[in-house]
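**Student:** build me a structure from this.
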Amino acid sequence: MPNRGQKLINFGLKSSVVAALVFLYIPIFTLVAFSFQEGRYLVLPFEGVTLKWYQTLVNHPEFFTALAGSTVIAVFVTLIASVLGTCGAIVWMRYDFPGKRIFQVITALPLVFPQLLLGFVMLNWFSILGNRFDFSMNAITVILGHLVYISPFVMVIVSVQLSSFDDELEDAARDCGASKLQVLREVTLPLLWPGIFSAAIFAFLLSWGNFYLTYSLSGTTRTLPTFVFSGIATGSSPAYPALAALTFAVGLSLAYFAEFMRRRSLKY
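**Tutor:** Okay, the predicted model is just below:
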């Protein structure tokens, strides 16, 4: 009987995982399928199979402008958030100082703060500063808003890597005469690299597809999320499922590459 009960538990757990994956991925695969349909409207049955909506997307006059805007913003956010998040994780995990608990709460707060409200708060804040110092919403305000939201994610991911870090390796390097900078550069950062790299990929994807903060803070800057929103507001088109399919392919490729690099680092 215990074996039978254990089998039922295992079956229930596996079924739950499969059901969750189906629930998560059916909308994605539905969008991908609709991107290949002949007709303009997202209805079943399909009128035929075509690639013309991908061509329509590429030929759209604002597509490459939006793509460039999202990519530039995501690259800057990834680089800055990786540095800030890594430094924050080291401080969070390695040092004791007065107010450490408050520091942990403040740095983790954006993780649970709704993006819509965060975007509204930052919009008001930048509006006040813009009136005072005479500037308007642009790509820089988007980058700053993304950093507030995304840097804590990087910090948490790197902190997980730090939690399994062997401190004796750093002690051994110090015993051999290495300075603090040498220990950081030649021991700590190389061992943290898998976590930092995974966090950077995650930060890029979060920034690249972010809508609420981008819409609130972008001003006239065009990005892929605002491009899709403005297009859907004027009418549905399979060109947007085509963009979703391309975005999904990019995200899946980056996630696979991050996992490949992580597994490769474990061999050395």
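**Student:** which regions of the stretch 1-150 of the chain sit below the pLDDT cut-off?
**Tutor:** Scanning the stretch 1-150 of the chain for pLDDT under 70 picks out the ranges 1-2, 42-43.
**Student:** can you rerun that using 50?
**Tutor:** 1 (pLDDT under 50).
**Student:** need the residue closest to the centroid of the chain.
**Tutor:** Centroid-nearest residue in the chain: Leu206, 2.3 Å away (criterion: CA atoms, centre = their mean).
**Student:** from the chain's centroid, how far away is the helix or strand containing Leu31?
**Tutor:** Using DSSP states H and E, Leu31 sits within helix 2-34. Centre-to-centre, helix 2-34 and its host chain are 25 Å apart (CA atoms, centre = their mean, to the nearest Å).
**Student:** please point out which parts of it sit buried.
**Tutor:** Leu31, Val32, Phe34 (16 or more other CB atoms under 10 Å). For the C-beta atoms, the positions are set from N, CA and C on the backbone; glycine is no exception.
**Student:** check the gap between Val22 and Leu67 for me.
**Tutor:** To Leu67, Val22 is 31 Å away according to CB to CB, to the nearest Å.
**Student:** oh, I was asking about Tyr149
**Tutor:** 21 Å.
**Student:** so between the two, which is more surrounded?
**Tutor:** Tyr149 (23 against 18; other CB atoms under 10 Å).
**Student:** what's near enough to touch the more buried one?
**Tutor:** Pro110, Gln115, Leu118, Leu206, Asn210, Leu213 (CB atoms under 8 Å, 6 or more residues apart in numbering).
**Student:** try Leu246
**Tutor:** With CB under 8 Å, 6+ apart, Leu246 has these contacts: Tyr54, Leu57.
**Student:** picking up where we left off before, can I get the contacts of Tyr149 in TSV with distance to Cys87 and secondary structure?
**Tutor:** What follows is the contacts of Tyr149, written out as TSV (distance: CB to CB, whole Å; DSSP: H, G, I helix; E, B strand; the rest coil):
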residue	distance to Cys87	secondary structure
Pro110	16	helix
Gln115	24	helix
Leu118	22	helix
Leu206	19	helix
Asn210	22	coil
Leu213	22	helix
